[in-house]
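Student: Provided below are the primary sequence and the corresponding predicted coordinates.
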Amino acid sequence: MEFGKLEREIRIDAAPEIVFDVVSRPEHIRMWWSDDASFDSEPGAVGELVWGDRAAVEAITVVDVEPPRRFSFRWVAPEGAPATEDNSLLVTIELEPSGDGTILRLTESGWREKGWEAAVLEEAFHDHERGWDLFLPRLRSYAPSVVPR
């Protein structure tokens, strides 16, 4: 396995506008992914995702905000360093209307650019696979309950 790109695709029974809010706004992210989230949904904004009682804290930098089609951010950069193409992972979420729902395509890239040893790369990649496989079904269940704003 080359570990170049992690990809997932799910269908969600909610309109793209709602799914976009669910993946790009901290108050919704807290409902399906991290225990806490704080960031502004605008390109260049820096914030954080928090799991547990700050047991795990991950800085994020918002890259693209194109409602209701695309949201992307960088994360997993070295602590204290700004996230760049060479030191972080890029998560891109693309949304496509599908009947009365949405197809969500998630891509996480930048794995080889991290410069990790092969064993570290493989373990991190599999850890993220397990994570997305846990959290994306939560997103799928949560999004239809959100009332349009």
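Tutor: Yes, it's here. Numbering: from 1, shown residues only.

Student: and what about Ala77, helix, strand or coil?
Tutor: With DSSP: H, G, I helix; E, B strand; the rest coil as the basis, Ala77 sits in coil.

Student: helix or strand for the most centrally placed residue in the chain, which one?
Tutor: Centroid check for the chain by Cα atoms, centre = their mean gives Val91 as the closest residue, at 5.2 Å. Counting by DSSP states H and E, the element that carries Val91 is strand 89-98.

Student: what's the answer for Phe20, then?
Tutor: Assessed by DSSP H and E, Phe20 sits inside helix 16-24.

Student: show me what that helix is in contact with.
Tutor: Residues outside helix 16-24 that contact it (Cβ atoms under 8 Å, 6 or more residues apart in numbering) are 12, 14, 28-29, 31-32, 41, 65, 67-69, 71, 93, 95-97, 102, 104, 139, 142-143, 146, 148-149. Every C-beta, even on glycine, is put in place using the N, C-alpha and C of the backbone.

Student: what's the angle between it and strand 89-98?
Tutor: Here helix 16-24 runs at an angle of 160 degrees relative to strand 89-98 (axes from the mean of the first three to the mean of the last three Cα atoms, to 10 degrees).

Student: who does the next helix or strand after helix 16-24 touch, helix- and strand-wise?
Tutor: Past helix 16-24, further along toward the C-terminus, the next helix or strand under DSSP H and E is helix 26-32. If you count contacts as 3 or more Cβ pairs under 8 Å, 6 or more residues apart in numbering; DSSP states H and E, helix 26-32 packs onto helix 16-24, strand 36-38, helix 118-142.
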